[in-house]
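Enquirer: Sequence below, structure please.
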Amino acid sequence: MKISHLFLKKPERSAADAREKCGKRAGLLGIVCNLLLAAGKIAFGALSGAVSVIADGINNLTDCGGNVVSVIGFKMSGKPADKEHPFGHRRAESVSALVIAVVILAVAAELAIQSAESIFSPQQTALSFGLIAVPGAAVLVKLCMFAMNRALYKEFSAETFKATAADSLSDAVATAAVLAALLISHFSGLQLDGYMGIAVAVFIACSGAGILKETVSRLLGHAADPETVKKLKADVCAFTGVHGVHDLTLHDYGGALYATVHVEVDARLPLMEAHDLADKIEKAIEQSSGIALTVHIDPLVLDDENVNRLRREVEEAVASVDASFRMHDFRVVGGTNHANLVFEVAVPFDCALGDGEILRRIRDQISLLNENAGVVATVERQNAV
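Expert: Numbers count the residues shown, from 1 in each chain. Now for the predicted structure:
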C-alpha cells in the first residue's frame, strides 16, 4: 500500500492534487506531534533543570514552524499557472525546503551556544521517569515521522518531504544523544550534557547545510539528470526522419519538466511534413514522459557530396582536438573556389581550454584538410551526455 493512502480518503484527480493534499496533511500532523513533544520536553526539562532537554524542546518548536512553512509551500505549489507565473508555482516547495534548512541551522547554532554554557556552568539534573519517558517517546515519534516523510518523498519526489525526513532523523538522533547523556551523567557522575549537546548541534548543522546546498542548487537551476537527457535524446532520435539532435535544454519547475531541442532532418523534407514531424515528436514525448517539449527543426543537406565530404572532414577535425567535442548545425556558405564552413561546437563545461584556444586549434586542423575553407564557428558550453 502506498503511504499516500493514509492521507487520502479517495483517489485524487491527478498526481499534483494528491501531492498537495498529502503535503498539507503530513505537515498538519507534524505540527501536532511537534507541539506535543515540545510541551513535554520543555515542561520536564524545566522541572528537572536539564538544559539539553529544554533545548531539544525548543528544537521541536522550530520544527513546528518548519511544518507550518511546508503546509504553506504545498498550498502555494498547488496553485495553477497564471499571468505572473506561467510555469505554475511548484518551486514554492523549494522555497519551503530552503526555509526549513535555515531553521535547522539556526537551531543547531542555538543548541551549540546553550551546550557550551552548560559546560562552563554545569547544573545537577534531577532524573525522573517523565524526563526519561518523554525523550524516549520522542525518538520513536521522530523515527516514524522520518519513515513517513521518506516514503512520501519516494512517491512524490517533493523536496519538502526530503528536507522534513532529514530533519526528523536528525531530531531522533539528537534526542537519543540527549537521553544517553542524561543517563550516563546520572549513573557515572560525569557532566556530559553540554558536550553531547555540541556534538548533536554539529550533526544537525551538517544535515541543514546539505539540505540548503541542494535546495539552492535547484532554485538556481542545476544541471538536468543525465539519464533523463540521454533517454529523451534516444526517444527523439527513434522517430523516422530524424538524423540527429542537439542543443537540448531541460528546465525543472518543481517536478514539472519543460524542454527544447533542435532536431536535424533532411533539407529536402517539405515544410508541412517537417512541421508535422515536430508536432508528432512533441505530443509523443509529453504522453510518454510528461515532459513539455518544443522542437526546433534544423535542415540538413544530405544530397550534396561536396557538403557531406566537408561535414565529415570538420567532424574529424573537431574530434581530433578533443574526442568529447561535438559539431552540429553545419552548413557551407560560398562558392566552389572558396567557402565558409559555418558550424557550432558543443564543449563540456569542465573543458579547461578557453573558447578562443578551442577555435584556434579547430581552424588549424581544418586548414590541414582544406586550405581554401574559412571557418565561422561558435563554441557552446554544455554538459556532456
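Enquirer: In contact with the residue most central in space within the chain, which residues?
Expert: Per Cα atoms, centre = their mean, the C-alpha nearest to the average position across the chain is that of R218, at 4.7 Å. Residues near R218 by Cβ atoms under 8 Å, 6 or more residues apart in numbering: 91, 94, 159, 252. Where you see a C-beta, it was placed from the backbone N, CA and C, and this is true even at glycine.
Enquirer: Can you tell me the element the second one falls in?
Expert: Remark: S94 resides in helix 92-120, with elements defined by DSSP states H and E.
Enquirer: Show me what that helix packs onto, helices and strands only.
Expert: Packing partners of helix 92-120 (3 or more Cβ pairs under 8 Å, 6 or more residues apart in numbering; DSSP states H and E): helix 51-77, helix 159-188, helix 193-220.
Enquirer: Could you export these as CSV, including distance to A39 and mean pLDDT?
Expert: Formatted as CSV, the helices and strands packed on helix 92-120 follow (distance: least, Cβ to Cβ, whole Å; pLDDT from 0 to 100):
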stretch, distance to A39, mean pLDDT
helix 51-77, 8, 80
helix 159-188, 15, 86
helix 193-220, 20, 80
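Enquirer: Adding distance to P270, write these out as a markdown table.
Expert: A markdown table is the format used below for the helices and strands packed on helix 92-120 (distance: least, Cβ to Cβ, whole Å):
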| stretch | distance to P270 |
| --- | --- |
| helix 51-77 | 44 |
| helix 159-188 | 46 |
| helix 193-220 | 42 |
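Enquirer: out of the ones you listed, which comes closest to L6?
Expert: In terms of Cβ to Cβ, the element of those nearest to L6 is helix 159-188, at 13.7 Å.
Enquirer: Where does the prediction get shaky in the stretch 251-385 of the chain?
Expert: 254-255, 335-337, 370-371, 384-385 (pLDDT under 70).
Enquirer: quick one, strands of it?
Expert: 256-266, 292-300, 326-334, 339-348, 373-382 (DSSP state E, counting those that start in this stretch).
Enquirer: The first one pairs with which strands, parallel or anti?
Expert: In this case it means strand 256-266. Next to strand 256-266 in the sheet, as set by DSSP bridges, lie strand 244-253 (antiparallel), strand 292-300 (parallel).
Enquirer: how far is the shortest one from where the chain is centred?
Expert: On the basis of Cα atoms, centre = their mean, to the nearest Å, strand 292-300 is displaced by 27 Å from the centre of the chain it belongs to.
Enquirer: Equivalent analysis for stretch 151-164, please.
Expert: Averaging C-alpha positions (Cα atoms, centre = their mean) puts stretch 151-164 11 Å from its chain's average.
Enquirer: Tell me how far I281 lies from H328.
Expert: Distance, I281 to H328, by Cβ to Cβ, to the nearest Å: 17 Å.
Enquirer: higher neighbour count, these two?
Expert: More neighbours surround I281 than the other of I281 and H328, with 23 against 19 (other Cβ atoms under 10 Å).
Enquirer: Would you mind measuring from the more buried one to G40?
Expert: Distance from I281 to G40, by Cβ to Cβ: 59 Å.
Enquirer: domain ranges for the chain?
Expert: 3-220, 226-382 (automatic domain parsing).
Enquirer: tell me the most buried of those?
Expert: Most buried of the domains of the chain, by mean neighbour count (mean count of other Cβ atoms under 10 Å): domain 3-220, with a mean of 19.
Enquirer: Would you report the backbone torsion angles of the residue nearest to S185 when sequence neighbours are not counted?
Expert: Distance criterion Cβ to Cβ, 6 or more residues apart in numbering; nearest residue to S185, sequence neighbours excluded, is L192 at 5.2 Å. For L192, the backbone dihedrals (degrees, to the nearest 10) come out as phi -100, psi 0.
Enquirer: for K9, phi and psi?
Expert: The phi and psi values for K9, taken as degrees, to the nearest 10, are phi -70, psi -30.
Enquirer: Could you report the pLDDT at it?
Expert: Looking at K9, its pLDDT is 74.
Enquirer: ok, now how distant is it from A15?
Expert: Per Cβ to Cβ, K9 is found 17 Å from A15.
Enquirer: Hmm, T249 and G221 touching each other?
Expert: No: using Cβ atoms under 8 Å, G221 is not in contact with T249, being 10.3 Å away.
Enquirer: now the angle from the helix holding S94 to helix 51-77?
Expert: 170 degrees (axes from the mean of the first three to the mean of the last three Cα atoms, to 10 degrees).
Enquirer: I am finished for the moment; much appreciated.
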